[in-house]
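Engineer: Provided below are the primary sequence and the corresponding predicted coordinates.
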Amino acid sequence: MNTNVDVVRLPVKESALIDRFIKAGEFKSKSEFITYAVKKAVNEVILNDLEKKGSAALPSTNKDVDKLLTEIKDIRKKLWEGYAHRVF
């Protein structure tokens with residue numbers, strides 16, 4: 001796996017909270033937590049972008065809405081699988 005080393009400055013409170021998560025066994029390290037947080041943020045940005053694009057062409061029926069939601073879920077799954085394959 002290819003990685004970059006980046007310096008991240010965190011407020012003391014957030015850093016201490018991450019340490020608590022690590023001590024509780026939720027994450028193995030700060031790096032793992034930050035990687036998780038970045039993945040979650042990227043996913044939210046992608047979904048927000050899709051939402052904005054989707055609202056420009058609003059579907060007219062419930063069937064159209066269901067179809068759009070299914071497409072969005074499929075896109076999200078494919079993006080996540082591609083990202084997870086590269087990262088893990």
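Structural biologist: Everything's here; your move.
Engineer: Give me the below-cutoff pLDDT ranges for this protein.
Structural biologist: Across the chain, residues meeting the criterion (pLDDT under 70) sit at 1, 54-60, 82-88.
Engineer: which residues in it form helices?
Structural biologist: 12-23, 30-56, 62-87 (DSSP state H).
Engineer: Centroid-nearest residue for the protein?
Structural biologist: Computing the C-alpha centroid of the chain and ranking residues by C-alpha atoms, centre = their mean puts Lys40 first, at 2.3 Å.
Engineer: Same list, the helices of the chain, but as JSON lines with distance to Asn4 please.
Structural biologist: Yep, even glycine has a C-beta here, placed from its N, CA and C like the rest. Formatted as JSON lines, the helices of the chain follow (distance: least, C-beta to C-beta, whole Å):
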{"stretch": "helix 12-23", "distance to Asn4": "20"}
{"stretch": "helix 30-56", "distance to Asn4": "11"}
{"stretch": "helix 62-87", "distance to Asn4": "12"}
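Engineer: Of all those helices, which one is nearest Asp6?
Structural biologist: With C-beta to C-beta, the closest approach to Asp6 among the helices of the chain belongs to helix 30-56: 8.9 Å.
Engineer: Counting by contacts, list what that closest one packs against.
Structural biologist: Applying 3 or more C-beta pairs under 8 Å, 6 or more residues apart in numbering; DSSP states H and E, one finds that helix 30-56 contacts helix 12-23, helix 62-87.
Engineer: so what does the longest one touch, helix or strand wise?
Structural biologist: Packed against helix 62-87, as judged by 3+ C-beta pairs under 8 Å, 6+ apart, are the following elements: helix 30-56.
Engineer: now the angle between helix 12-23 and the helix it packs on, please.
Structural biologist: Going by axes from the mean of the first three to the mean of the last three C-alpha atoms, to 10 degrees, helix 30-56 is angled at 110 degrees with respect to helix 12-23.
Engineer: Now do the buried residues in helix 30-56.
Structural biologist: 33, 46 (16 or more other C-beta atoms under 10 Å).
Engineer: Kind regards, and thank you for your time.
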